[in-house]
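Colleague: structure for the following, please:
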Amino acid sequence: MNRPAKGRMLRGVGLVVGVGVLLAGLAGGPATAEQEKVNMGIQPFISYAPIFIALEKGMFTEQQLEVKVESFVSAQKMMAPVAAGQLDVVGGALSAGFYNSVAKGLKMKIVADKGRWSEGHGITQIMVRKDLYDSGQITKIADLKGRKLINTAPLNGAGYLLVLALEQAGVPYDHAKVAYLGMPQIFQGMQTKAVEVGICVEPWCIRAERENVAKVLVRGDELPKGRDFQIAYIIYTDKFIKENREAAQRFMNAYMKAVRFYHSTGERGDTVAAIISKHTKVPAELVKAAVPTGIAPDGKPNMKSVAQFQDWLFENGFVKQKLNIDDLWDGSFVAKAAM
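Modeller: Numbering: from 1, shown residues only. Down below sits the predicted model:
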């Protein structure tokens with residue numbers, strides 16, 4: 001082949017390759033797409049199963065997102081980084097701090113279900129140190145009267161379990177008798193006998209029972225007023241929604257794909273247990289034995305319970321201003337992800 005003809009052929013090949021790369025880029029192909037960074041606050045709880053699944057199975061990557069997670073001891077501890085613009089997405093239970101922060105101008109929206117106390121899904125529990133249970137000192141909720149109780153954060157959704165349980169047992173809730181530690185510290189405090197009674201969140205509850213550290217007194221789904229109570233949520237910051245709505249939708253697309261995987265593979269299946277174990281550092285066999293998280297297949301939270309919790313906080317003076325619950329919820333992301 002003479003040189004001019006060979007040169008024309010090479011230029012032709014180069015043109016075809018260049019067009020192919022351009023088309024791949026327009027189609028959002030992984031070879032050329034840049035991953036967009038999303039910062040999320042999490043906790044090492046089973047209720048983050050869909051987030052762990054999406055990270056492990058590359059579902060965020062499929063949506064051209066690089067999700068960077070930072071662990072916090074409580075959802076309330078995430079509020080300051082949210083206010084500083086350091087987090088785009090947070091998960092966890094609502095608290096008086098959430099309502100008060102929104103009332104003071106911190107803008108964020110609940111966008112998806114992340115866990116509820118539906119039947120068989122009481123992931124939040126009240127546990128008592130095993131030696132106190134075995135000795136008969138504390139064997140029922142009524143025995144908690146006058147005891148110092150430990151929660152993970154002030155007036156959060158998990159703490160509402162304590163309120164409901166005491167109410168059912170006819171024992172008044174005494175906020176002055178509640179102190180706060182991170183979930184690992186509650187577990188360690190029971191080991192060292194520094195903690196008598198505490199709130200636990202799976203997989204810490206099953207671990208405490210299996211290691212003979214504590215005995216569970218009641219689960220969230222065992223109380224009539226706790227049935228279908230929305231304990232955990234996915235929350236977007238207003239800045240993330242307004243300035244990067246397209247990425248926010250892609251995050252939800254990945255999240256809802258992970259929710260479907262969670263349900264189809266099995267809440268206590270080997271695959272899900274292995275993924276949760278990797279991200280919580282709890283052995284897979286314990287994860288499989290733990291109470292699983294109840295998550296609505298359509299991703300929609302029970303907003304009535306958000307209002308129920310706010311009513312209790314307001315009636316007891318823990319929040320000074322009642323918010324319009326409809327203003328806290330943006331269902332557009334899960335709706336579009338389901339299409």
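Colleague: who touches the helix or strand where residue 37 lies?
Modeller: With elements taken from DSSP states H and E, the one containing residue 37 is strand 36-42. With contact meaning Cβ atoms under 8 Å, 6 or more residues apart in numbering, strand 36-42 is reached by 48, 51, 60, 64-72, 75, 78, 81-82, 86-92, 240, 244, 247, 250-251. Placement of C-beta: from N, CA and C, glycine included.
Colleague: only the buried subset of those residues, as a PyMOL command please.
Modeller: Command for PyMOL that selects the buried part of the contacts of strand 36-42, burial taken from 16 or more other Cβ atoms under 10 Å:
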select buried, resi 48+51+60+64+65+67+69+72+75+78+81+82+87+88+89+90+91+92+240+244+247+250+251
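Colleague: neighbours around the closest residue to residue 172 other than its chain neighbours, how many?
Modeller: With sequence-adjacent residues excluded and distances taken as Cβ to Cβ, 6 or more residues apart in numbering, residue 172 is closest to residue 166, at 7.0 Å. Residue 166 has 19 neighbours, counted by other Cβ atoms under 10 Å.
Colleague: so residue 166 belongs to a helix, correct?
Modeller: Yes - the assignment for residue 166 is a helix, going by DSSP: H, G, I helix; E, B strand; the rest coil.
Colleague: measure it to residue 217 for me?
Modeller: Counting by Cβ to Cβ, to the nearest Å, the gap from residue 166 to residue 217 is 11 Å.
Colleague: shared neighbours, those two?
Modeller: In contact with both residue 166 and residue 217: residue 141, using Cβ under 8 Å, 6+ apart.
Colleague: how near is the closest residue to residue 237 other than its chain neighbours to residue 235?
Modeller: Of all residues not flanking residue 237 in the chain, residue 108 sits nearest, at 5.0 Å (Cβ to Cβ, 6+ apart). Residue 108 sits 5 Å away from residue 235, going by Cβ to Cβ.
Colleague: compare these two (neighbour count), which wins?
Modeller: residue 235 (27 against 23).
Colleague: would you agree that one is in contact with residue 90?
Modeller: Yes - in this structure, residue 235 is within contact of residue 90 by Cβ atoms under 8 Å, at 5.0 Å.
Colleague: common neighbours of the two, please.
Modeller: Contacts common to residue 235 and residue 90, judged by Cβ under 8 Å, 6+ apart, are residue 108.
Colleague: let me see the ranges of the strands in the stretch 201-339 of the chain.
Modeller: Listed in chain order, the strands found in the stretch 201-339 of the chain under DSSP state E, counting those that start in this stretch are 214-219, 229-237.
Colleague: tell me which residues touch residue 270, please.
Modeller: Shown in contact with residue 270 (Cβ under 8 Å, 6+ apart): 284, 288.
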